[in-house]
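**Student:** What shape does this take:
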Amino acid sequence: MKKINRIVAAAALSALLAISLTCCGQSGQQPDTSAKTEEAAAGESSMQPEEHEPDASAADAAAATDSATDAAAQTSAAAAEAVTAGTEAAAEIADTSSTAAESAAETQELAPGVYINGQAVTFAEEGNTDLPLLTVEKGITIQAVKAGGEEISVNGQTVEDSVFLDIPSITADDTLEFEIKEGDTVTKHTVSLLPSTFPAYTTEGQGATDGDYYLTSYDLENNYIFKLNNSGELIFYKKITRTEDGNEINTNALDFRKQYTPDGQIRYTYMPYLEGAFANGDCAGINPGALVIMDENYNVIDNVYYIDENGENVLIEPHGSIWLDDGHYILAAYKRETVDVPEDLAAENNTADLAVLYIEEIKDGEVLWEFNSADHDEFLYQCGIVPWASSMQQCYDYVHFNSMSIDKDDNLVVSLRHQHTIIKISRTDGSLIWQLGGNGDEFGLTDEQKFSYQHSIIVTDDGSYMIFDNANTAENNGTAKYSSVVRLKVDEQNKTVTEFKRYNVVDFFSNYMGAIRELDSENAVYLWSVGGNYETDTKEPPMWSMVEYTEGSDGEIQYNFSFRFDDAPRRLYCANKYE
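**Tutor:** So this is what the prediction gives:
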C-alpha cells in the first residue's frame, strides 16, 4: 500500500493551482449561490483541452487514422509520461462557486458591491451582464453592501440590505435591472439570468420519476454543467472554463452527479478536462482532469487526483470515477509508457508506446489497491488498434477506459472500449477476475450478444449488466444497424450468459459517447444518453440527445421526457437524474 500525506485542503492546493469554473445557464432557477470563501478555492492543473473524445469509428484501421487527425487539430504539447497536478504543468484556474448569501455573510466580511446569492457581481462595461453560476432552487437573494450613501434598487425595489426574489426557473426573459444612484450620478445595469452563451435546447414531455436531470454540454466552446427539473426548466448552471497564462479557455466536463455522505450531506461532483491530449494518435482521446467535489451550495470543497507510486497527485482520466465518501474514491489515470511486448507480436524493437491505464481506490490518502493494464499481456493480443510494426511511432490508447461501476459482490466492473470488453477487477488486490466480450471473452457470447466500442457499464438492481453498445464495427457486433443497449445477466461461476436482451430507443448510430442509467427498476424506467457521430455532428443533431423512457412488459418503449441540444456540434456525454 502507498501511504502519503495527500493534500486535500483546497487552500493548500491553490498554492500550486487554482480552478476557474464559471457558469452560465438557460431556463431554470438555481439554489442559493454565494461568493466562495478562500477555503473553497480549489486547485487544478490545466493546459489546452481537447476538442472531443476520439474513438475508433467504423474499423480499427480507420480509427487510428481518424484519431490522429483529431489529435493534430488540437494542442499536443503535453507529452509528459505522467501528467502531474501542480508544478510547471499548472495554469491558474479560478473556480467560481457559490454559497447561500447568509452563509457568505457569516463567513466573511463582504466588500462593497452587489451580490446575487452571495456571489459578487462584476457589471459588464457594455451590454448585459452574464453570470458564471446561478441556482434558483431556493430563489434569488440580492445583497447590497454599500460604501457610502449610494442608493441601489433592483427591478424597482430598493435594496437596503437584501431583497429576495422568488424566481422558479431561468428563462431568456429573466433579467435583473439594477439602478445605482450616487449623488446626481445614476448608472443602470442589466443582468441576464440566462447567459447569452448558454446552448439552445428543446425538451418534450414530463419525467416519470421524481428528481432533476443532471447534464453537461460538450463542444468546442461555451460548455456548462446544469440541472433541469422534471418539466425541463433550467434551475442551475455553471460555466466550465479554465485559465491558462491569463487567458480564459473553454473546456469540457463529464458526468455531473449528486451524491450523499453517510451522514446525509449533499455532494455534487463532475470531472473537467484540465489538459489536452498528452500525445498524438489514438491518445487524442485522453484529456487529463480532476474530480471536483462541491458542497450543497455548489462551493468547490476539494479537487481529487490520482496518487502515483511516488505519492504525487496526477491528473485523472475524466471518463469515470466513483465517489464513495469524502476522502474515499475510485479513480483512473493514464501514464504514457514504453511497454515491453512479446516477441510473437513482432512489435518495433519489441516495445510499444502506450497509454497505460491505472485504476486505484483511495481512502483517507491511502491507496488500497491498484490495477495496471500493462501487467496483463492479454490486452496487447486482444487490441486491434496498434500497428505493431510501427508501435513506437506514436502513443496508442490501446484499452480506452470509459466507465466503471461497483458490482453486487463489491468488486469493480470496467468498460474498455478499444478492447470491446467489460472486465471485472478485485477490490481486494486489483487483480483481473474475468473478461466479458471482445477477443478475450470468457462467457461465449453469441454474435447477437456481442458488443463493440461500448460505453457506460452499469449494474442494475437485479444484478444484470447494462451496456451502451456503440456498435462501431460489424466484426465485433454482428449486424447491428444502430447503437443500442445490451442487457446481460451472467453466471460467473460457470461463465455463461443466462439472460440477454438488446433494444434501441433512438434510431441513431453513436460511434462515440452514449450512456444508460436505471432510474426505477420496479417500473422499468431508464435514462438513455444518445452520444455523438463524427459524420453528422457538424450537420445536424440527433432527434434527441437524451430520453427518459419506460419499457413496457411487452417490450414497447414509451418516451416520458426528451431533451436535445439544438446546435449540431454540441453533444451530451451522459445524463443522470436524482431526487
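**Student:** Low-confidence stretches in the stretch 401-550 of the chain?
**Tutor:** Where the stretch 401-550 of the chain drops to pLDDT under 70, the residues are 473-480.
**Student:** so F565 sits right up against P541, yeah?
**Tutor:** Yes. Assessed by Cβ atoms under 8 Å, F565 is found in contact with P541 at 5.8 Å. Using the backbone N, CA and C atoms, a C-beta is placed for each residue, glycine as well.
**Student:** How far off centre is stretch 301-310?
**Tutor:** Taking Cα atoms, centre = their mean, to the nearest Å, the mean C-alpha location of stretch 301-310 is offset from the chain mean by 17 Å.
**Student:** which parts of it are buried?
**Tutor:** Across stretch 301-310, burial judged by 16 or more other Cβ atoms under 10 Å covers I301, D302, N303, V304, Y305, Y306, I307, D308.
**Student:** now stretch 256-268
**Tutor:** F256, R257, K258, Q259, R267, Y268.
**Student:** mean confidence for the helix or strand that contains V367?
**Tutor:** V367 is part of strand 366-372, with elements assigned from DSSP states H and E. In this model, strand 366-372 has a mean pLDDT of 97.
**Student:** tell me what it is packed against?
**Tutor:** Packing contacts for strand 366-372, counted by 3 or more Cβ pairs under 8 Å, 6 or more residues apart in numbering; DSSP states H and E, involve strand 2-3, strand 351-363.
**Student:** one more time with 10 Å, if that's ok
**Tutor:** Packed against strand 366-372, as judged by 3 or more Cβ pairs under 10 Å, 6 or more residues apart in numbering; DSSP states H and E, are the following elements: strand 2-3, strand 306-307, strand 328-340, strand 351-363, strand 412-416, strand 421-425.
**Student:** Tell me which residues touch the most centrally placed residue in the chain, please.
**Tutor:** Geometric centre of the chain, nearest residue: L254, 1.0 Å, by Cα atoms, centre = their mean. Contacts were defined as Cβ atoms under 10 Å, 6 or more residues apart in numbering; by that measure L254 touches 53, 216, 218, 225, 270-273, 287, 289, 318-321, 402, 513, 515, 573-574.
**Student:** same thing with A124?
**Tutor:** Remark: with contacts taken as Cβ under 10 Å, 6+ apart, A124 is in contact with D130, H189, T190, V191, S192.
**Student:** Next, count neighbours for the first one.
**Tutor:** Counted with other Cβ atoms under 10 Å, the burial measure for D130 works out to 20 neighbours.
**Student:** Could you give the number of residues near the closest residue to it other than its chain neighbours?
**Tutor:** The shortest distance from D130 to any non-neighbouring residue, by Cβ to Cβ, 6 or more residues apart in numbering, is to P195 (3.9 Å). Other residues within reach of P195, judged by other Cβ under 10 Å, total 24.
**Student:** Assign P195 to helix, strand or coil.
**Tutor:** Using DSSP: H, G, I helix; E, B strand; the rest coil, the structure places P195 in coil.
**Student:** phi, psi of it?
**Tutor:** For P195, the backbone dihedrals (degrees, to the nearest 10) come out as phi -60, psi 150.
**Student:** Same check on H418?
**Tutor:** H418 has phi and psi values of phi -80, psi 0 when expressed as degrees, to the nearest 10.
**Student:** Please report how far the residue nearest to it when sequence neighbours are not counted lies from L380.
**Tutor:** The shortest distance from H418 to any residue that is not its chain neighbour, by Cβ to Cβ, 6+ apart, is 4.0 Å, and that residue is H400. Using Cβ to Cβ, to the nearest Å, H400 is found at 14 Å from L380.
**Student:** more crowded one of those two?
**Tutor:** Neighbours of H400 and L380, each counted by other Cβ under 10 Å, are more numerous for H400; the result is 29 against 22.
**Student:** wait, the more buried one sits on R417?
**Tutor:** Yes. Distance between H400 and R417: 4.1 Å, which falls inside the contact criterion (Cβ atoms under 10 Å).
**Student:** Can you name the two of the buried residues of stretch 301-310 that sit furthest apart?
**Tutor:** Considering Cβ to Cβ, no two members of the buried residues of stretch 301-310 lie farther apart than I301 and D308, which are separated by 23.4 Å.
**Student:** shared neighbours of F565 and P541, anything?
**Tutor:** Y201, T202, R571, L572.
**Student:** are any of these buried, and which?
**Tutor:** Buried subset of those (neighbour count, 16+ other Cβ under 10 Å): Y201, R571, L572.
**Student:** Dump the buried residues of stretch 256-268 to a markdown table, plus distance to Y578, pLDDT and secondary structure.
**Tutor:** Converted to a markdown table, those look like this (distance: Cβ to Cβ, whole Å; pLDDT from 0 to 100; DSSP: H, G, I helix; E, B strand; the rest coil):
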| residue | distance to Y578 | pLDDT | secondary structure |
| --- | --- | --- | --- |
| F256 | 10 | 98 | strand |
| R257 | 7 | 98 | strand |
| K258 | 4 | 98 | strand |
| Q259 | 9 | 97 | strand |
| R267 | 11 | 98 | strand |
| Y268 | 10 | 98 | strand |
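**Student:** among those, which two are most distant?
**Tutor:** Using Cβ to Cβ, these span at most 11.9 Å, a distance reached by F256 and R267.
**Student:** Find the residues that touch each one of those two.
**Tutor:** With contacts taken as Cβ under 10 Å, 6+ apart, the residues that reach both F256 and R267 are M294.
**Student:** so where do the helices sit in this structure?
**Tutor:** Listed in chain order, the helices found in the chain under DSSP state H are 10-13, 60-72, 101-107, 378-382, 474-477.
**Student:** need the least confident one among these, by mean pLDDT.
**Tutor:** helix 10-13 (a mean of 31).
**Student:** Would you list the phi and psi of D397?
**Tutor:** Torsion angles at D397 (phi, psi; degrees, to the nearest 10) stand at phi -90, psi 80.
**Student:** From the structure, what's the count of residues near it?
**Tutor:** Here the count is done by other Cβ under 10 Å, and D397 has 29 residues near it.
**Student:** same thing with G139?
**Tutor:** G139 - counted by other Cβ under 10 Å - has 16 other residues nearby.
**Student:** heads up, I number from 6, so please use that
**Tutor:** Shifting the count to begin at 6 puts that one at G144.
**Student:** what separates it from Q399, distance-wise?
**Tutor:** Relative to Q399, G144 is positioned 53 Å away (Cβ to Cβ).
**Student:** so what's Y470 up against?
**Tutor:** By Cβ under 10 Å, 6+ apart, the residues touching Y470 are 410, 412, 418, 420, 427, 441-442, 462-464, 491-495, 502.
**Student:** Give the buried subset of those as a PyMOL selection command.
**Tutor:** Selecting just the buried residues from those in PyMOL takes one command, with 16+ other Cβ under 10 Å as the test:
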select buried, resi 410+412+418+420+427+441+442+462+463+464+491+492+493+495+502
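**Student:** And the average pLDDT for stretch 344-355 is what?
**Tutor:** The average pLDDT for stretch 344-355 rounds to 96.
**Student:** Now it: buried residues?
**Tutor:** Buried residues in stretch 344-355, counted by 16+ other Cβ under 10 Å: V344, V346, L350, A352.
**Student:** taking the residues you listed as a set, which two sit the farthest apart in space?
**Tutor:** Largest separation among those by Cβ to Cβ: V344 and L350, giving 11.0 Å.
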